[in-house]
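Undergrad: Next come a sequence and a model predicted from it.
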Amino acid sequence: MTTLEKMKILTDSAQYDLCDYVSHHKSSQVNLPGIYEAIGHNGCKIPLFKTLQTNKCKNDCKYCINQSKRNFTRLELSPEELAKAFLGYYNRGLVNGLFLSSGISSDVESTMENQIETVHLLRKKYGYDDYIHLKIVPGASKDSIKRAMALANRVSINIEAATPSGLAELSSTKDYNKDILKRLSWINNLQHKSTTYPNSTHTTQLIIGANNESDREILSRMEKIYKKSELKRTYFSAFTPVQETEFSNKESCSTDRTSKLYNADSLLNDYHYDVKELVFDNNDNLLLTQDPKILAAENMNIFPVEINRAPLIELIRVPGIGMKSAREIISIRKKIPFSNKEQLRKLGVVVDRAEPYIKISGEYQTTFDF
């Protein structure tokens, strides 16, 4: 089998590891397998070469296309094959970085070794110094993680679920606390210790809708992690059934649910909300038809806030005011107070959302019904 034929299979399987907030389970081009656009909060699109080192895997994750019990073609790329395939894309200007993940072939350490060797070849043999995101395998040794972080701009380990029982619903071969949370802690402790990439970051990913965990459980887990670590971002993968897996007959998770989880997760990670400030339905899930920030605001007793006096923690809780515009408001009002809502609009404030929750120089901007 040629390298291109291998790439078509391995890159298609890699679609389930998310690198953006928008795309869900999409395939890459047939003639250019492996090119996926990463789309961040700012809307910037970055083409990445995203692939698995191997789709061989000893784990039995019931939702996963690569699980051990599934019968399909198993193959792998050697470190040299993968490095050359990636450079072929990069040198043609087709991609700006590498997103490398892997199934677990024979054992965890040999899997990590192959990934590390691939990245080492790119950095040391071929002089590649652009972006690399490397997935850490659950159960990896601290030494392997340290070596990976010395070579990659970003690493991540998928926590997959919010609770030990939630992971047990998905797989019998992983220990939630030992294989995942402990490794996540190691990654956080090692962050910024790399002399090559001192500003390296780490992320994680959860599978949403494959088990019975509620949104409250998911966000409570992320709140704990954000408070104890420097985790950059969480990705929420909407479960989609795969044929020939134990979960092939389960219902797909709506991307509306993952979209609301992204909204709420941003409130926790970027705006320093507490889960107790969020609003859930009777099943402890977010309401799909309403903005989590507006729902949270309706339960707070701080509104309306005075634009010319409110501290940052109150300004960022106003619907329609983001972190950037809140900081600009504080900077500007030190020199001259705001007098009308059009001044806020010019800063990027969504005034239609913010009006019920603010006063400007003592004047209400709209009627607020308490």
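TA: Right, received. Where do you want to start?
Undergrad: contacting residues around residue 1?
TA: By C-beta atoms under 8 Å, 6 or more residues apart in numbering, the contact list for residue 1 reads residue 75. C-beta here means a position set from N, CA and C on the backbone, and glycine is covered the same way.
Undergrad: Repeat that for residue 135.
TA: 17, 100-102, 115, 155-158.
Undergrad: Bridged to it, which residues?
TA: Going by DSSP bridges, residue 135 is paired in beta bridges with residue 156.
Undergrad: Per-residue pLDDT of it, please?
TA: Looking at residue 135, its pLDDT stands at 96.
Undergrad: swap in the one 3 residues further on?
TA: Residue 138 carries a pLDDT value of 96.
Undergrad: Look up phi and psi at residue 203.
TA: Main-chain torsions, residue 203, degrees, to the nearest 10: phi -140, psi 180.
Undergrad: thinking again about what came up before, of the contacts of residue 135, closest to residue 210?
TA: residue 158 (12.4 Å; C-beta to C-beta).
Undergrad: The closest one contacts residue 204, doesn't it?
TA: Yes: applying C-beta atoms under 8 Å, one finds residue 158 in contact with residue 204, separated by 6.2 Å.
Undergrad: Now tabulate the contacts of residue 135 in JSON lines and tack on distance to residue 319, neighbour count and pLDDT.
TA: JSON lines is the format used below for these (distance: C-beta to C-beta, whole Å; neighbours: other C-beta atoms under 10 Å; pLDDT from 0 to 100):
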{"residue": "17", "distance to residue 319": "33", "neighbour count": "21", "pLDDT": "78"}
{"residue": "100", "distance to residue 319": "39", "neighbour count": "26", "pLDDT": "97"}
{"residue": "101", "distance to residue 319": "37", "neighbour count": "23", "pLDDT": "96"}
{"residue": "102", "distance to residue 319": "42", "neighbour count": "26", "pLDDT": "96"}
{"residue": "115", "distance to residue 319": "43", "neighbour count": "27", "pLDDT": "98"}
{"residue": "155", "distance to residue 319": "35", "neighbour count": "22", "pLDDT": "96"}
{"residue": "156", "distance to residue 319": "31", "neighbour count": "27", "pLDDT": "96"}
{"residue": "157", "distance to residue 319": "34", "neighbour count": "23", "pLDDT": "96"}
{"residue": "158", "distance to residue 319": "32", "neighbour count": "24", "pLDDT": "96"}
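Undergrad: between these, which is nearest residue 224?
TA: residue 157 (15.7 Å).
Undergrad: What helix or strand is the most centrally placed residue in the chain located in?
TA: Nearest to the geometric centre of the chain sits residue 235, at 2.6 Å (C-alpha atoms, centre = their mean). Following DSSP states H and E, one finds residue 235 within strand 233-238.
Undergrad: After that strand, which helix or strand is next?
TA: helix 255-269.
Undergrad: what packs against that following helix?
TA: Secondary-structure packing of helix 255-269 (3 or more C-beta pairs under 8 Å, 6 or more residues apart in numbering; DSSP states H and E): strand 201-208, helix 215-228, strand 233-238, helix 292-298.
Undergrad: Can you pull out the low-pLDDT segments for the stretch 151-300 of the chain?
TA: The model of the stretch 151-300 of the chain has pLDDT under 70 over residues 194-195, 198.
Undergrad: Please tabulate the helices and strands packed on helix 255-269 in JSON lines and include distance to residue 74 as additional columns.
TA: As requested, these are exported to JSON lines (distance: least, C-beta to C-beta, whole Å):
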{"stretch": "strand 201-208", "distance to residue 74": "22"}
{"stretch": "helix 215-228", "distance to residue 74": "32"}
{"stretch": "strand 233-238", "distance to residue 74": "23"}
{"stretch": "helix 292-298", "distance to residue 74": "42"}
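Undergrad: Which among these is found nearest to residue 180?
TA: The nearest among the helices and strands packed on helix 255-269, by C-beta to C-beta, is strand 201-208 at 8.8 Å.
Undergrad: Could you give me the buried positions within that closest one?
TA: Neighbour-count burial for strand 201-208 flags 201-208 (criterion: 16 or more other C-beta atoms under 10 Å).
Undergrad: Residues touching it, excluding its own?
TA: Under the contact criterion C-beta under 8 Å, 6+ apart, strand 201-208 has outside partners 17-18, 63, 153-162, 170, 184, 187-188, 191, 218, 225, 230-239, 253, 257-258, 261.
Undergrad: what's across from the residue nearest to the centre of the chain in the sheet?
TA: With DSSP bridges as the rule, residue 235 is bridged to residue 205.
Undergrad: Check the gap between it and residue 34 for me.
TA: 19 Å (C-beta to C-beta, to the nearest Å).
Undergrad: give me the low-pLDDT residue ranges for the stretch 1-150 of the chain?
TA: Counting by pLDDT under 70, the ranges of the stretch 1-150 of the chain that qualify are 19-31, 40-43.
Undergrad: again, only using 90
TA: Low-confidence segments of the stretch 1-150 of the chain, defined by pLDDT under 90: 1-34, 36-46, 71-73, 105-106.
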